[in-house]
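[1] sequence unknown, structure follows:
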Ligand SMILES: CC(=O)N[C@H](C=O)[C@@H](O)[C@H](O)[C@H](O)COP(=O)(O)O
Ligand SMILES: C=C(OP(=O)(O)O)C(=O)O
């Protein structure tokens, strides 16, 4: 089954309580209402840790940020408002663990690694923007914690440079195809990169970090073999915040998880087989050899005497030699199935 990461990112709006409420939403049971089964929900939640001293140029930090989604007068103030401290990350980590979820952490600076003295995330994430940040990647790889890389702004050269750094320390690597356009237009998604990455990097797990609005592309990505999916999640799409409107809330998470898990259940095997589940349809609908006229006891059956009718529990056309040339044991009216026990 694909490993599905619910990306809280900055949708907590600076509040641990909101982050925990998002965790609650992620852990809601996914019932398939049609078949009454309980499906496996999301596997993990993810937070992002930044070090604002290592974040932006001084002029970017002090530039006015007057968007409706801004939480500060300057971009620096906005970023500071959205930053949870190490102990708050620990708090959300503990809460997610209590709820049975894995916890993934994007680290945006080498200094953020000091948080790992408090807890050990199940996986570390290198955001697309940091795929070329080789010192950060090296520091993350040295921890030996499994690494997920996103490729949203990079080509193969950048990806290979990053992989070379991690491979010096370990090989537990997942590569996520990603397009860093927020939200991503469908014509730019290029899901076929997933199959390309699977062919080019057979030793690594390949997944998809989705920034479209909606659930079609992550579901299709699983159909194309993505083993990890990351998708932004929110408490409420109407909330203030740059990523809220494009994230999934309760209903979207339910529909995406239901469809992904049902899709996975329907993959089956690379062969052609007749499932037991079609027995009743075969019995009712398939065709068997039947009389096409009233036939008398003792009649020797000819091809002109038969045709095909349902149900399908009699003799198939391919086996007509079992019937043709044989004598009827009893009278048989028109349009009745000729079973083997009707012939001598
Ligand atoms: C590359 C990266 O970090 N991307 C993140 C994850 O996808 C996004 O959440 C951005 O942080 C967000 O869209 C920024 O919005 P604003 O600048 O309004 O806070
Ligand atoms: C920005 C992030 O991810 P991606 O590059 O996959 O969008 C992140 O993990 O913080």
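    That came in fine, so what should we check first? Note that the coordinates shown come from a computational prediction; the quantities given were computed from them, not determined experimentally. Residues are numbered from 1 along each chain as shown. Ligands and ions are numbered 1, 2, ... in the order given.
[2] in this structure, what residue is nearest ligand 1?
    Ligand 1 sits closest to residue 242 of the chain, with a gap of 3.3 Å, by CB to the nearest ligand atom. For the C-beta atoms, the positions are set from N, CA and C on the backbone; glycine is no exception.
[3] next one: stretch 242-254 to chain centre, how far?
    Distance of stretch 242-254 from its chain centroid, counting by CA atoms, centre = their mean, to the nearest Å, is 15 Å.
[4] would you mark the buried spots in it?
    Within stretch 242-254, the residues scored as buried using 16 or more other CB atoms under 10 Å are 242, 243, 244, 245, 246, 247, 248, 249, 252, 253, 254.
[5] for the stretch 201-344 of the chain, which residue gets nearest to ligand 2?
    Of all residues in the stretch 201-344 of the chain, the one sitting closest to ligand 2 is residue 209 (3.3 Å; CB to the nearest ligand atom).
[6] so that residue: helix, strand or coil?
    At residue 209 the chain is in strand, as set by DSSP: H, G, I helix; E, B strand; the rest coil.
[7] neighbours of residue 192, just the number please.
    By other CB atoms under 10 Å, the residues close to residue 192 number 10.
[8] give the contact list for it.
    Residues near residue 192 by CB atoms under 8 Å, 6 or more residues apart in numbering: residue 224.
[9] ok, back up a step: skipping its backbone neighbours, what lies nearest the residue of the chain closest to ligand 1 in space?
    residue 69 (4.5 Å; CB to CB, 6 or more residues apart in numbering).
[10] same check on residue 184?
    residue 211 (4.4 Å).
[11] for residue 131, same thing?
    Distances taken as CB to CB, 6+ apart place residue 154 nearest to residue 131, at 4.6 Å, with adjacent residues excluded.
[12] burial measure for residue 86, as a count.
    Number of residues near residue 86 (other CB under 10 Å) recorded here: 15.
[13] list the ones among the buried residues of stretch 242-254 that fall in helices.
    Residues from the buried residues of stretch 242-254 lying in helices, with DSSP state H as the criterion: 252, 253, 254.
[14] could you pick out the residues of the stretch 151-300 of the chain near ligand 2 for me?
    152, 176, 178, 209, 230 (CB under 6 Å from any ligand atom).
[15] in strands, which of these fall?
    The strands, defined by DSSP state E, take in 176, 178, 209, 230 from those.
[16] hmm, back to that, just put the buried residues of stretch 242-254 in a markdown table and tack on pLDDT.
    Below are the buried residues of stretch 242-254 laid out as a markdown table (pLDDT from 0 to 100):
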| residue | pLDDT |
| --- | --- |
| 242 | 95 |
| 243 | 95 |
| 244 | 96 |
| 245 | 94 |
| 246 | 93 |
| 247 | 97 |
| 248 | 97 |
| 249 | 95 |
| 252 | 96 |
| 253 | 97 |
| 254 | 96 |
